[in-house]
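>>> Here is my input; please provide its structure:
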Amino acid sequence: MDMTGKTVLITGASRGIGADAARVFAAAGANVALAARSSSALEALAAEIGEGAIALACDVSRYDQVEAAVAATVERFGGLDVLINNAGVIEPISHMGRADPEGWGRAIDINLKGVFHGMRAALEVMKPAGGGTILTVSSGAAHNPVEAWSHYCASKAGAAMLTRCLDLEERANGIRAIGLSPGTVATQMQREIAASGINPVSRIPWEDHIPPDWPARALLWMCGPDADEFLGAEIALRDEGIRRRIGLT
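Numbers count the residues shown, from 1 in each chain. Here you go, the predicted model:
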């Protein structure tokens, strides 16, 4: 994929999949707007990438901050072609009977409302421009219950439905909405899961997790026409056929 002249806004860009996506898209020629709460990590990544990157401190649970990040992206680069809804949290991992209601709700605010905020703000720019691509990082937990992950499963299920709703409402306006279920990835989130020791996911050997550049490369591929058959749906990176199409071997 040649992304020269295109602009991509990535949430949760300070580490893991988001940071690798920033590097992959920048290497493909795109301008990258990096959004996350960790401003120091963002600034270091933006400096690594160079003048085609901008660091934007942003809490996706706040619509005003997401809207401001979109506005800053457009001001700096002249438009917005791709939004990657990547920001997400797994903590606090807890059984429902002992879950902290405030922490549970905070996860919903980030993982679900944050996705809606990104979609809502991006549409304000993309629709007048004739369209754009909105990709959301999903999870197998969106479709199957996992012990002590009620917050994560519920929020990811909701985010998957948001992708379907967005496709239903906006495909005719040129909006490409697709979800990506990457499987288990070797990121800080997986270290938090391993530390919990609660469910089978926490006991998966580290070497069995895929590297974060795999979903990053998948997200780049999803911006092209070869992924159009998945509009409104979700791509599972566990699928060997999908991996071959992307070139992940």
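
>>> Give me the contact list for the helix or strand of the chain with the lowest mean pLDDT.
Sorted by mean pLDDT, DSSP states H and E, the helices and strands of the chain end with helix 188-196, the least confident at a mean of 89. Identification of contacts with helix 188-196 by Cβ atoms under 8 Å, 6 or more residues apart in numbering yields 15-16, 88-91, 93, 148, 184, 201-204, 206, 209. C-beta: built from backbone N, CA, C; applies to glycine.

>>> where exactly do the strands run in the chain?
7-11, 31-36, 53-57, 82-85, 132-137, 175-181, 234-236 (DSSP state E).

>>> Give me the residues contacting the third one.
Right, strand 53-57. So strand 53-57 is contacted by 22, 26, 31-37, 39, 42-43, 45-46, 68-69, 72-73, 76-77 (Cβ under 8 Å, 6+ apart).

>>> That strand to strand 31-36, inter-axis angle?
For strand 53-57 against strand 31-36, the angle by axes from the mean of the first three to the mean of the last three Cα atoms, to 10 degrees is 20 degrees.

>>> Run the angle between the longest helix along the chain and strand 132-137 for me.
If you go by DSSP state H, the chain has its longest helix at helix 150-170. Angle, helix 150-170 to strand 132-137, by the same axes, to 10 degrees: 160 degrees.

>>> which parts of helix 150-170 are buried?
150-160, 162-163, 166-167, 170 (16 or more other Cβ atoms under 10 Å).

>>> Stretch 60-80 now?
60-61, 63, 65-70, 72-74, 77, 80.

>>> quick one: pLDDT of the residue of the chain most remote from its centre?
Centroid-distance maximum for the chain: G97 at 29.4 Å, with Cα atoms, centre = their mean. At G97, the pLDDT value in this model is 96.

>>> the helices in this structure, which residues?
Going by DSSP H, the chain shows helices at 16-27, 39-49, 63-77, 101-108, 114-129, 150-170, 188-196, 213-221, 240-246.

>>> can I get the ones you listed in JSON lines with distance to A177?
Shown next, in JSON lines, are the helices of the chain (distance: least, Cβ to Cβ, whole Å):
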{"stretch": "helix 16-27", "distance to A177": "17"}
{"stretch": "helix 39-49", "distance to A177": "26"}
{"stretch": "helix 63-77", "distance to A177": "16"}
{"stretch": "helix 101-108", "distance to A177": "21"}
{"stretch": "helix 114-129", "distance to A177": "8"}
{"stretch": "helix 150-170", "distance to A177": "4"}
{"stretch": "helix 188-196", "distance to A177": "23"}
{"stretch": "helix 213-221", "distance to A177": "13"}
{"stretch": "helix 240-246", "distance to A177": "18"}
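
>>> closest one to G5 among those?
Of all the helices of the chain, it is helix 63-77 that lies closest to G5, at 9.5 Å by Cβ to Cβ.

>>> for the closest one, what is the average pLDDT?
98.

>>> Can you tell me which helices and strands that helix packs against?
strand 7-11, strand 31-36, strand 53-57, helix 114-129 (3 or more Cβ pairs under 8 Å, 6 or more residues apart in numbering; DSSP states H and E).

>>> Distance of L123 relative to A154?
Using Cβ to Cβ, to the nearest Å, L123 is found at 24 Å from A154.
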